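1. I would like the atomic coordinates for the input below:
(one chain, ligands or ions: 2)
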Amino acid sequence: MTATRTPDPQPGRTPSPHGSTSSAPTGRVVAQHRGRWLIADPSRPGEHDARPAILSGRLARDPSPDAHPVVGDQVALDPDAADGLARITGVLPRRSLLRRGATDGTSRQQALAANVDVAFVVVPADRAVNPRRIEREVTLVWESGALPVVLLTKMDLCADPDAAVAAASGAAAGVEVVPISVHDRHGLHVLDHWLVPGATVVLLGASGAGKSTLTNHLLGREHLRTNGLRWDGAGRHTTTHRELVALPGGAAIIDTPGLRALALWADGGDEEATALGQTFGDVATLALECRFADCGHRREPGCAVLAAVADGRLPADRLASWEALGRELAQLERRRDAVARAAGKAADRRGAKALRVRVAEKRGEG
Ligand SMILES: Nc1nc2c(ncn2[C@@H]2O[C@H](COP(=O)(O)OP(=O)(O)OP(=O)(O)O)[C@@H](O)[C@H]2O)c(=O)[nH]1
Ligand SMILES: [Zn+2]
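-> Ligands and ions are numbered 1, 2, ... in the order given. Presented below is the predicted three-dimensional model:
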């Protein structure tokens with residue numbers, strides 16, 4: 001990723017959600033809290049000078065999934081409300097959208113962060129690398145439209161660095177794997193590659209993986225001391241958590257509760273097949289060699305996937321994981337709320353595809 005993007009629209013003048021040019025002011029959602037959204041000037045992402053806003057009546061009544069803004073969104077504003085509180089009138093087209101599936105067994109989803117460019121999948125190397133978890137998280141990131149990058153953390157505590165890198169690389173075909181240690185300051189400069197001005201990043205990963213340690217390193221001490229988010233003019237602050245925060249070099253990081261450990265969510269259509277195929281490129285490539293185009297890779301004659309398992313080229317666990325994630329995605333797809341299917345998805349999907357094409361081009365260049 002060598003080209004520097006300028007994702008933020010020019011302050012004050014951006015395409016409206018409907019594509020026409022509008023002079024409505026815009027801003028970026030840096031935090032969301034009990035019916036209030038904290039909006040920053042798009043030219044200065046981060047918590048500084050952010051101001052509170054609520055949804056316009058029309059937007060508040062919009063029932064379509066993903067209609068309401070989340071952290072990272074670019075929004076159109078009506079600044080002229082009589083009570084001095086800005087109204088969010090619309091959400092501008094998204095480059096990506098990270099969602100988490102419902103934890104209650106329904107097909108309800110929750111959008112967590114928008115316009116994320118790069119998701120660092122944080123994997124601790126002080127213990128055995130878990131390829132199944134990497135497969136899941138990388139698939140979810142591809143699905144969102146962001147670019148996944150695997151960070152192997154705590155390399156200073158890693159017993160067998162080569163084996164850890166090999167295990168992580170094997171789980172995420174085609175995804176860059178970066179070994180780092182915040183403790184030793186090892187490998188951290190490599191992250192500058194993605195932390196370009198205007199980029200938005202998130203860290204995903206299990207508890208204890210090293211996300212906070214890395215976030216604090218990236219933010220620097222200065223930011224930690226002034227971590228309060230302003231919600232009103234009365235000097236009240238919330239200090240419970242960070243949301244979207246500007247990094248010293250001009251990138252921004254989104255760190256919200258619930259984003260760190262995501263359940264898989266399928267977007268429907270061909271998207272999940274694409275995301276799965278990107279994570280499991282090796283299996284997908286093998287499957288092209290199966291005798292039958294609709295091979296289920298169970299007991300079919302001439303199955304290239306089973307042949308690869310039999311002679312050790314493909315770990316049986318990886319095949320099982322591919323099948324399990326495929327089943328999970330198919331099940332989510334079946335349970336999906338019909339409303340969600342119909343409403344508001346097309347624009348999202350086009351955005352995700354466009355970004356994926358850009359990412360693919362960039363990876364091809366590099
Ligand atoms: N030796 C060493 N320890 C590290 C490194 N990075 C993080 N740790 C330690 O690993 C532990 C977990 O790190 P955290 O940053 O709290 O992990 P987390 O992913 O934020 O965990 P949650 O907040 O539970 O999601 C802490 O004790 C850190 O000090 C590193 O590079 N080297
Ligand atoms: Zn097969």
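
2. Sketch out the helices for the stretch 201-350 of the chain, chain order is fine.
-> Ranges of helices in the stretch 201-350 of the chain, per DSSP state H, counting those that start in this stretch, are 211-225, 271-279, 281-287, 304-310, 316-335, 338-342, 345-365.

3. Could you tell me the least trusted of those?
-> Mean pLDDT is lowest for helix 338-342 out of the helices of the stretch 201-350 of the chain, coming in at a mean of 41.

4. Could you report the pLDDT at Gly312?
-> pLDDT, Gly312: 94.

5. could you measure it against Pro301, distance?
-> Counting by Cβ to Cβ, to the nearest Å, the gap from Gly312 to Pro301 is 20 Å. Using the backbone N, CA and C atoms, a C-beta is placed for each residue, glycine as well.

6. what does Pro69 give?
-> Pro69 is 53 Å from Pro301, where distance means Cβ to Cβ.

7. For these two, indicate the residue with more neighbours.
-> In terms of neighbours (other Cβ atoms under 10 Å), Pro69 is the more surrounded of Pro69 and Pro301; the figures are 26 against 9.

8. Ends of stretch 200-210, what's the gap?
-> 19 Å (Cα to Cα, to the nearest Å).

9. what about it, near ligand 1?
-> Yes. Interface with ligand 1: stretch 200-210 contributes Gly205, Ser207, Gly208, Ala209, Gly210 (Cβ under 6 Å from any ligand atom).

10. what's the average pLDDT for that stretch?
-> So the average pLDDT for stretch 200-210 ends up being 89.

11. hmm, who's touching it?
-> Residues outside stretch 200-210 that contact it (Cβ atoms under 8 Å, 6 or more residues apart in numbering) are 7, 45, 72, 98, 113, 115-124, 133, 137, 140-141, 146, 151, 153-154, 182, 194-195, 211, 214-215, 244, 251-255, 259-262.

12. Considering only those residues, which also neighbour ligand 1?
-> Thr153, Lys154, Val182, Lys211, Arg260.

13. so which of those residues comes closest to Ala172?
-> Checking these against Ala172 by Cβ to Cβ gives Thr153 as the nearest, at 15.1 Å.

14. Ignoring the adjacent residues along the chain, who's closest to Ser96?
-> Closest residue to Ser96 in three dimensions, ignoring its sequence neighbours and counting by Cβ to Cβ, 6 or more residues apart in numbering: Gly145, at 3.3 Å.

15. Could you verify my assumption that Cys158 touches Ala167?
-> No. Counting by Cβ atoms under 8 Å, Cys158 stays clear of Ala167, with 11.0 Å between them.

16. Tell me which residues touch the residue of the stretch 51-200 of the chain found nearest ligand 2, please.
-> Ligand 2 sits closest to Ala173 of the stretch 51-200 of the chain, with a gap of 17.7 Å, by Cβ to the ion. The contact partners of Ala173, taken as Cβ under 8 Å, 6+ apart, are Gln278, Thr279, Phe280, Gly281, Asp282.

17. cool, and Gln278?
-> Val138, Thr139, Trp142, Ala173, Gly174.

18. quick one: low-confidence ranges for the stretch 1-150 of the chain?
-> Applying pLDDT under 70 to the stretch 1-150 of the chain picks out residues 1-23, 42-48, 80, 82, 101-109.

19. Can you give me the domain assignment for this structure?
-> Annotated domains of the chain cover 98-254, 271-335 [automatic domain parsing].

20. My understanding was that Thr325 contacts Val138; is that so?
-> Thr isn't right for residue 325; it's Leu. No. The criterion here is Cβ under 8 Å, and Leu325 misses it with Val138 at 10.5 Å.

21. Have a look at those two and say which one is more surrounded.
-> For Leu325 and Val138, the more surrounded residue by other Cβ under 10 Å is Val138, and the numbers stand at 26 against 22.
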